[in-house]
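**Q** with the sequence up front, the predicted model follows.
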Amino acid sequence: MSEKFQAVVIGGGPGGYVCAIRLAQLGIKTACIESRGSLGGTCLNVGCIPSKSLLNLSENFLKVKNFANLGIEVDKVKLNLEKMMKNKNKAVTVLTKGVEFLFKKNKVTYFKGTGSFKSPNQISIIDDKKTEVIIETEKTIISTGSESESLPGVKFDEKVILSSTGALSLKSVPKKMIIVGGGYIGLEMGSVWSRLGSEVHVIEFLDHITPGMDKEISKEFMKILKKQGINFHMQTKVEAIKNNKTSVKVSLLDKNGKKSELACNVVLISVGRKANTKNLKLNSIGVLLDEKKRIKINKNFETNVKNIYAIGDVIEGPMLAHKAEEEGIAVAELIAGQSGHVNYDVIPGVVYTSPEVAAVGKTEEQLQSLGTKYKVGKFPFIANSRAKAINETEGFVKILADEKTDKVLGVHIIGSHAGEMIAEMTVAMEFGASSEDIARTCHAHPTFSEAVKEAALSVDKRAIHS
Ligand SMILES: Cc1cc2nc3c(=O)[nH]c(=O)nc-3n(C[C@H](O)[C@H](O)[C@H](O)COP(=O)(O)OP(=O)(O)OC[C@H]3O[C@@H](n4cnc5c(N)ncnc54)[C@H](O)[C@@H]3O)c2cc1C
């Protein structure tokens, strides 16, 4: 007889594993199915964590190389890429094993294998030895995430034509790397390899990088990355990619119709990610997808088939680990009869380059298109004492507040520690803070976060230090 569960989560990424733990905490007998052999999904295995590990290590490498300018003389700085990769892999293993431990602690049953629907209440799990187990469930939460998208007709070989997964595990530093797409994943990976010695070229179809980001920040970001040595080919289309096994030729077409060719050792295609529904046999039970092939849900994460829910990258919305986690918790609480909820207006986003870029809420462009009247407060890190003391003065804080009510509508930071500082403003926005609330809150001195307070003061043109 097949084992019975009250809830089954398909996919053990940040959406799925968090959902499974929350369901178990709420007293629901829960199983989670994961096909990749380790928990944590894209994020822990081939996404957020390994990329942040390499970003940190490569930044340290560059810092040590430049120590002499600061009066610290180091004899010889040498890269040991193999060791660096081992360090990254260790972080991944520790964290993925940690999720397994959390499953045991919370009594979530973990099935290793690929899950698919036999019926709305029956899930088949096929493991890597092709053994099939069928389990029964009252509710199913689909959290199968997303995968890298390529260009039409171009296949990832992860040796010279790379997805982000290949770019996280290169065995040597490529002399020349082309990155197709100026989004955050491409720029993070470009930063890593540029710091380690690659000549990096970013090809972007649009006239700006990081689409969706506040344009003023995006402009400043590109300026800083250019200064760091990254080359940008804007308003340029990749027409073809020719894989010569040990090198690649990329054919380009610029905005004036001029054709050119760029040769490199590796090309990273970073043009977006697509929802992953391929092994679920959704057709057999009639679960509907939207126009972008993501699972269609209502505001309670329910698909069109009763008792089947979906969360994370496989549904609409920003493809971010913390968004998936929030949805995992919300759907678990809704299933348990509580009032789970995600505030999509206050989801922060961070790019972990150096300096970092972080944002929450609306951009100026969004407010303009909504016809919302707003005030702007800005403060540069060059005028922040901590930034000056430690030589990290690039960037600024920008706060957008409602012209009438002063309610904070958006915060955009480019600068050191932006990813940590955005949390303060995320909490403030959750509580409906005004810029005056931030301006009147005491911030420790000397900290980068004083620039946030000064930007809030600057909304009403009363910043002290600029
Ligand atoms: C290089 C890179 C860097 C990133 N950096 C960040 C970052 O810094 N911050 C951030 O917030 N986000 C980041 N992301 C995005 C983040 O990884 C995703 O948004 C997040 O992992 C989505 O979580 P999820 O649970 O929806 O899906 P996933 O993490 O993709 O997990 C889905 C899991 O389901 C499994 N699965 C799929 N089909 C089946 C099946 N049929 N049966 C069983 N299991 C199945 C997959 O193997 C996978 O492990 C990054 C992504 C990449 C690629």
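**A** Arrived safely, thanks for sending. A quick note: this is a predicted structure, and the numbers were derived from the prediction, not measured. Numbers count the residues shown, from 1 in each chain.
**Q** CA atoms for contacts and neighbours, from now on please.
**A** Fine.
**Q** the ligand contacts on the stretch 201-350 of the chain?
**A** Contact residues (Cα under 6 Å from any ligand atom) of the stretch 201-350 of the chain with the ligand: 279-280, 312-314, 319-322, 324.
**Q** between those, which is nearest residue 50?
**A** Of all those, residue 50 sits closest to residue 321, with 13.7 Å by Cα to Cα.
**Q** contacting residues around the nearest residue to the closest one once chain neighbours are set aside?
**A** Nearest residue to residue 321, sequence neighbours excluded (Cα to Cα, 6 or more residues apart in numbering): residue 14, at 5.8 Å. Contact analysis of residue 14 by Cα atoms under 8 Å, 6 or more residues apart in numbering lists 40-41, 43, 321-322, 324-325.
**Q** give me the buried subset of the residues of the stretch 201-350 of the chain next to the ligand.
**A** Among these, those classed as buried by 16 or more other Cα atoms under 10 Å are 280, 312-314, 319-322, 324.
**Q** from the residues you listed, which two are the most distant?
**A** For these, and using Cα to Cα, no pair is farther apart than 280 and 322, which are 23.8 Å apart.
**Q** and the nearest residue to residue 169 once chain neighbours are set aside, its phi and psi?
**A** Sequence neighbours aside, residue 85 is the residue nearest to residue 169 in space, at 7.0 Å (criterion: Cα to Cα, 6+ apart). Note on residue 85: backbone dihedrals following degrees, to the nearest 10 are phi -70, psi -40.
**Q** just checking, what's the longest strand in this structure?
**A** Counting residues, the longest strand found in the chain (DSSP state E) is strand 132-142.
**Q** got a list of contacts for it?
**A** So strand 132-142 is contacted by 2-11, 16, 121-126, 307-311, 314 (Cα under 8 Å, 6+ apart).
**Q** residue contacts, the residue in the stretch 101-250 of the chain positioned nearest to the ligand?
**A** Residue nearest to the ligand within the stretch 101-250 of the chain: residue 145 (3.1 Å; Cα to the nearest ligand atom). Applying Cα under 8 Å, 6+ apart, we find residue 145 in contact with 11, 13, 41-42, 275-276, 312-314.
**Q** got the residues you listed as CSV, with pLDDT columns?
**A** Rendered in CSV, the data for the contacts of residue 145 read as follows (pLDDT from 0 to 100):
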residue, pLDDT
11, 98
13, 98
41, 98
42, 98
275, 98
276, 98
312, 98
313, 98
314, 98
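**Q** cross those residues against helices and list the overlap.
**A** Residues of those located in helices (DSSP state H): 41-42.
**Q** between the contacts of residue 145, which is nearest residue 303?
**A** residue 314 (11.8 Å).
**Q** hang on, isn't the closest one packed against residue 143?
**A** Yes. If you go by Cα atoms under 8 Å, residue 314 and residue 143 touch, sitting 6.5 Å apart.
**Q** near the ligand, which residues of the stretch 1-150 of the chain? Just list them.
**A** Counting by Cα under 6 Å from any ligand atom, the residues of the stretch 1-150 of the chain near the ligand are 10-16, 33-36, 41-43, 47-48, 51, 113-116, 143-146.
**Q** tell me the contacts of the closest residue in space to residue 23 that isn't next to it in sequence?
**A** Spatial nearest neighbour of residue 23, chain neighbours left out: residue 332 (5.1 Å); criterion: Cα to Cα, 6+ apart. Residues in contact with residue 332 (Cα under 8 Å, 6+ apart) are 19-20, 22-23, 340.
**Q** if I look at the residue lying closest to residue 41 once chain neighbours are set aside, how far off is residue 121?
**A** Distances taken as Cα to Cα, 6+ apart put residue 13 closest to residue 41, at 3.5 Å, once the chain neighbours are dropped. Distance of residue 13 to residue 121, given as Cα to Cα, to the nearest Å: 22 Å.
**Q** looking at the two, which is more packed in?
**A** residue 13 (28 against 20; other Cα atoms under 10 Å).
**Q** and that one, what does it touch?
**A** Neighbours of residue 13 in contact, by Cα under 8 Å, 6+ apart: 39-44, 143-145.
**Q** got a winner among these for most neighbours?
**A** residue 143 (34 neighbours).
**Q** how close does residue 394 sit to residue 80?
**A** Distance from residue 394 to residue 80, by Cα to Cα: 29 Å.
**Q** more neighbours, these two?
**A** residue 394 (19 against 9).
**Q** quick check: phi and psi on that one?
**A** The phi/psi pair for residue 394 (degrees, to the nearest 10) is phi -70, psi 150.
**Q** that one against residue 383, yeah?
**A** No. Checked against Cα under 8 Å, the pair residue 394 and residue 383 is beyond contact range at 10.1 Å.
**Q** for stretch 47-63, give the mean pLDDT please.
**A** Mean pLDDT, computed over stretch 47-63, is 97.
**Q** show residues contacting that stretch.
**A** Against stretch 47-63 from outside (Cα under 8 Å, 6+ apart): 42-44, 77, 79, 84-85, 87-89, 91-92, 164-165, 168, 188-189, 191-193, 195-196, 321, 352-354.
**Q** among these, name the buried ones.
**A** Here, 16+ other Cα under 10 Å leaves 42-44, 85, 88-89, 91-92, 164-165, 168, 188-189, 191-193, 195-196, 321, 352-354 buried among those.
**Q** from those residues, which land in helices?
**A** Counting by DSSP H, the buried ones among the contacts of stretch 47-63 contribute 42-44, 85, 88-89, 91-92, 164-165, 188-189, 191-193, 195, 321 to helices.
**Q** any stretches of this protein with poor pLDDT?
**A** Filtered on pLDDT under 70, the chain yields no residues whatsoever.
**Q** dig out what the closest residue to residue 155 other than its chain neighbours forms beta bridges with.
**A** Leaving aside its sequence neighbours, residue 155 sits nearest to residue 161 (Cα to Cα, 6+ apart; 7.3 Å). Beta bridges link residue 161 to residue 267, judged by DSSP bridges.
**Q** now do the same contact list for residue 328.
**A** By Cα under 8 Å, 6+ apart, the neighbours of residue 328 are 15-20, 22, 311-312.
**Q** and for residue 222?
**A** Residue 222 neighbours (Cα under 8 Å, 6+ apart): residue 209.
**Q** what about 10 Å?
**A** 182, 187, 208-210, 228, 230-232 (Cα atoms under 10 Å, 6 or more residues apart in numbering).
**Q** picking that back up, can you tell me which of the contacts of residue 328 are in helices?
**A** Using DSSP H, the contacts of residue 328 in helices are 15-20, 22.
**Q** now which of those residues would you call buried?
**A** Buried among those (16+ other Cα under 10 Å): 15-20, 22.
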